[in-house]
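Student: Below are the sequence and a predicted model; questions follow.
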Amino acid sequence: SQKIEQNSEALNIQEGKTATLTCNYTNYSPAYLQWYRQDPGRGPVFLLLIRENEKEKRKERLKVTFDTTLKQSLFHITASQPADSATYLCALDGDNFNKFYFGSGTKLNVKP
Amino acid sequence: DTGVSQDPRHKITKRGQNVTFRCDPISEHNRLYWYRQTLGQGPEFLTYFQNEAQLEKSRLLSDRFSAERPKGSFSTLEIQRTEQGDSAMYLCASSPQGGFTEAFFGQGTRLTVV
């Protein structure tokens, strides 16, 4: 079965720096991959989607890369702010878009 | 439409009782998903509806769990004979028809079984 790995340790960075989060997967070839943000006690909020034939996607301070050979996606937040502190989840599509498989998330702490 | 709505936000129940949660998706979305999330873990897929049809159900889902989506609008998730292991956040999400679309999540229902 497919396995999605995200760094379970919290990532602590200084305000203004670039945060880079990693999502690795095995036993699967997704058609696309998504990144979500989740704040404590709230549902995930969609951030970015990247298809298997795309190498990179950007949205404001966010950038996602997708390497289907390495089976890895990197999620970057440039010029990070304390308000970016949250848990970030990656998700892969399931069969026929009937479901999404989520990683366990990485908690990001941006210190002022 | 303000997004996906879930009710209640919190539910405390005694072990053995039945509970029912409601989800109102974004009105024009015909796909609806239920997920369960425990502390420190990502959301785990439970079931999927396309309109009123339940097209997929997790093999990990106990027979005590049942979901409906009458008329393809709101959905309910019922847990019968609750157990302490059912304590979790239950998330509902919806998305429009077509591939390569994101899911819009509700705020979830936090279930505590005592």
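Tutor: Everything's here; your move.

Student: how deep is residue 99 tucked in, by neighbour count?
Tutor: No chain in the question, so chain A it is. Residues lying near A:Lys99 (other CB atoms under 10 Å in any protein chain shown) number 21. C-betas here are computed from N, CA, C, even on glycine.

Student: was after chain B, sorry
Tutor: 10.

Student: Now it, what are its backbone angles?
Tutor: Dihedral angles of B:Gly99 (phi, psi; degrees, to the nearest 10) stand at phi -80, psi 170.

Student: Also A:Asp39?
Tutor: Backbone geometry at A:Asp39, expressed as degrees, to the nearest 10, gives phi -100, psi 160.

Student: Leaving out chain neighbours, which residue sits closest to it?
Tutor: Of all residues not flanking A:Asp39 in the chain, A:Ala86 sits nearest, at 5.2 Å (CB to CB, 6 or more residues apart in numbering or on different chains).

Student: Tell me how far that neighbour lies from chain B.
Tutor: According to CB to the nearest CB, to the nearest Å, A:Ala86 stands 14 Å off from chain B.

Student: swap in A:Lys17?
Tutor: 25 Å.

Student: so what's that residue up against?
Tutor: Counting by CB atoms under 8 Å, 6 or more residues apart in numbering or on different chains, A:Lys17 touches A:Ser80.

Student: quick one: it is in a helix?
Tutor: No. Assessed by DSSP: H, G, I helix; E, B strand; the rest coil, A:Lys17 does not belong to a helix; its assignment is coil.

Student: So what does B:Gln84 have for phi and psi?
Tutor: Here is the backbone geometry of B:Gln84 (degrees, to the nearest 10): phi -60, psi -30.
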